[in-house]
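Colleague: Generate a structure from the sequence data that follows.
(3 chains)
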Amino acid sequence: MPELPEVETIRRQLDEAVTGETVLRVQVLDPLLVAPESPNRFRRSVEGRTVAGLGRRGKYLLVELDSGDTLAMHLRMTGRLHHTPSGRGPADAHRRARFTFGDGSTLDFSDTRRFGRAWIVPADHPDPEGYWRARVGVEPFDRAFTPQRLGALLAGRSAPVKASILAQRLVAGVGNIYADEALFQAGVHPARPAGSLDAAEVAALRDAIRDRLRAGIRSGGASIDRYRDTIGKAGTMQDMLRVHRHEGDPCPVCGTTVVKIRVAQRGTYLCPECQPTG
DNA sequence: ATTTTCCCCTGCCGGC
DNA sequence: TGCCGGCAGGGGAAAA
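Modeller: Okay, the predicted model is just below:
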C-alpha cells in the first residue's frame, strides 16, 4: 500500500506527535512482525528510549532512538500506523503491536496481510550507510536525482522501464501507483526496455516521478483501499489518478480508452495513444 | 549481474 | 448462495 508519499505523510505526522516522547511500553501481539528477532529482545531495545526524530529511506520509516538504535519499520502492502493521543486506540483485529508513550498516547501497528515488519538497526552497526544503500537507491527529491543519474541507472537494461523504476535499489520510494502515473505523464510505455529511452524521455520521466510523488505528498497520499494516515484519515491522491485503476475510462488527455496490462507481474494501467510502444 | 518466478499472508471480488 | 481462482499499493529469495 504505502509508497513514498504515504510513508512521508506518516513520517511528518509522527515526527510532530512522538519526537521527544519516551516509549514506556512495547506490546508485540504478533511475533511475525519482528521476526526473526524475538519479541522480548525487540521490546527491550525500545522500552525506556526517547524518540530523537523520524526519518525515511524510500518506503522505510525510521524512528531514531536516543540510544542511537534505529527502529525501522516497513508497512509493505497493508500496514498502518495509528497514533491516538488519548491512548485508547480503535478496536482492531489486525493490531500487531502497540507502543505506549510517556504522554499517555499510543501508536498501533496494524497489518491485515502481515507482510509488514519492524526491526532494530543497532547503534553499533558497522556500516549503517551500506545497510541502507544495499536496500534503497537515490531519493527522488535528492539533488542527486538528475536526468543524467536516472539515465545512468536505466542504461543498458533490457527489463521493462516500469520494473526498473519500481526497483528500490535503483530509485527509492516509487511503487505501483506512482510508477503508472509518472510513466503516463512522461508519455512512456511501461513495457519499453529501460535502456531504450532517449535523453528527452529520461528527463521527462525524472520530472514526472518528482511531480507525481510531490502531488501525492501534497494530497496526503492515495487511499485506494487500506491506506490511512496516523489519525485514521484518508488521503485524496486517489481522486487525482489519471490512469491507475482507470481501466476502461477515457484518457484525460486524448480520450482513448485506458487499458490494463501486466508488466513485471504487476497490474499496469496506461493510455495506448499517449504511451506508444515504439 | 540482471531478470524472472515464486513465495509470504489475508481479504475481497467476479465468475460459474 | 457457495466455492474457487485471481488479484491486491510490498519486497526478498531462489531460479533462470
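Colleague: Provide the contact partners of stretch A:201-220 at residue level.
Modeller: Stretch A:201-220 has contacts (Cβ atoms under 8 Å, 6 or more residues apart in numbering) with A:3-6, A:8-9, A:140-141, A:145-147, A:150-151, A:154, A:161, A:165, A:171, A:173-174, A:178, A:181-188, A:197, A:222, A:229, A:233-237, A:239-240. (C-beta placed from N, C-alpha, C; glycine too.)
Colleague: try stretch A:91-100
Modeller: Judged by Cβ under 8 Å, 6+ apart, the contacts made with stretch A:91-100 from elsewhere in the structure are A:23-30, A:32-34, A:46, A:78, A:82, A:87, A:89, A:106-112, A:114, A:116, A:118.
Colleague: Weed out the non-buried ones from the contacts of stretch A:201-220.
Modeller: Among these, those scoring as buried are A:3-6, A:8-9, A:140-141, A:145, A:147, A:150-151, A:154, A:161, A:165, A:171, A:173-174, A:178, A:181-188, A:197, A:222, A:229, A:235, A:237 (criterion: 16 or more other Cβ atoms under 10 Å).
Colleague: taking these one by one, which sit in helices?
Modeller: Counted as lying in helices by DSSP state H, out of the buried ones among the contacts of stretch A:201-220, are A:4-6, A:8-9, A:147, A:150-151, A:154, A:161, A:165, A:178, A:181-186.
Colleague: Report how many residues lie close to the closest residue to DNA strand C within the stretch 51-200 of chain A.
Modeller: Per Cβ to the nearest atom of the strand, A:Gly175 is where the stretch 51-200 of chain A lies closest to DNA strand C, at 1.9 Å. Other residues within reach of A:Gly175, judged by other Cβ atoms under 10 Å, total 22.
Colleague: just checking, it touches A:Lys59?
Modeller: Yes: judged on Cβ atoms under 8 Å, A:Gly175 makes contact with A:Lys59 at a distance of 7.1 Å.
Colleague: So for these two, which residues contact both of them?
Modeller: Here A:Gly175 and A:Lys59 share the contacting residues A:Pro2, A:Glu3, A:Leu4, scored by Cβ under 8 Å, 6+ apart.
Colleague: three-state assignment of A:Met73?
Modeller: Assigned state for A:Met73: strand (three-state reduction, DSSP: H, G, I helix; E, B strand; the rest coil).
Colleague: For it, give me its contacts.
Modeller: A:Met73 makes contacts with A:Tyr60, A:Leu61, A:Leu62, A:Val63, A:Gly79, A:Leu81, A:Phe109, A:Gly116, A:Arg117, A:Ala118, as judged by Cβ under 8 Å, 6+ apart.
Colleague: Report the beta-bridge partners for it.
Modeller: Partner residues in beta bridges with A:Met73: A:Leu61, A:Ala118, with DSSP bridges as the criterion.
Colleague: what pLDDT does A:Asp225 get?
Modeller: Predicted confidence (pLDDT) for A:Asp225: 80.
Colleague: Just give the number of residues close to whichever residue of the stretch 1-150 of chain A sits closest to DNA strand B.
Modeller: When scored by Cβ to the nearest atom of the strand, the stretch 1-150 of chain A has A:Arg113 as its residue closest to DNA strand B, at 3.3 Å. The number of residues packed around A:Arg113, counting by other Cβ under 10 Å, is 12.
Colleague: Quick check: it touching A:Met77?
Modeller: Yes: using Cβ under 8 Å as the test, A:Arg113 is close enough to A:Met77 to be in contact (5.3 Å).
Colleague: if we can go back for a sec, what distance do you get for the residue of the stretch 51-200 of chain A closest to DNA strand C to DNA strand B?
Modeller: 15 Å (Cβ to the nearest atom of the strand, to the nearest Å).
Colleague: Please tell me the pLDDT value assigned to the closest residue in space to that residue that isn't next to it in sequence.
Modeller: Among residues not flanking A:Gly175 along the chain, A:Glu3 sits closest, at 3.4 Å (Cβ to Cβ, 6 or more residues apart in numbering). According to the per-residue confidence, A:Glu3 scores 97 in pLDDT.
Colleague: Likewise for A:Arg88?
Modeller: According to the predicted model, the pLDDT of A:Arg88 comes to 80.
Colleague: Ignoring the adjacent residues along the chain, who's closest to it?
Modeller: The spatial neighbour of A:Arg88 that comes closest, neighbours along the chain excluded (Cβ to Cβ, 6+ apart), is A:Thr106 at 7.8 Å.
Colleague: And the pLDDT at that neighbour?
Modeller: Model confidence at A:Thr106, given as pLDDT, is 97.
Colleague: That's all I had, so thanks and see you.
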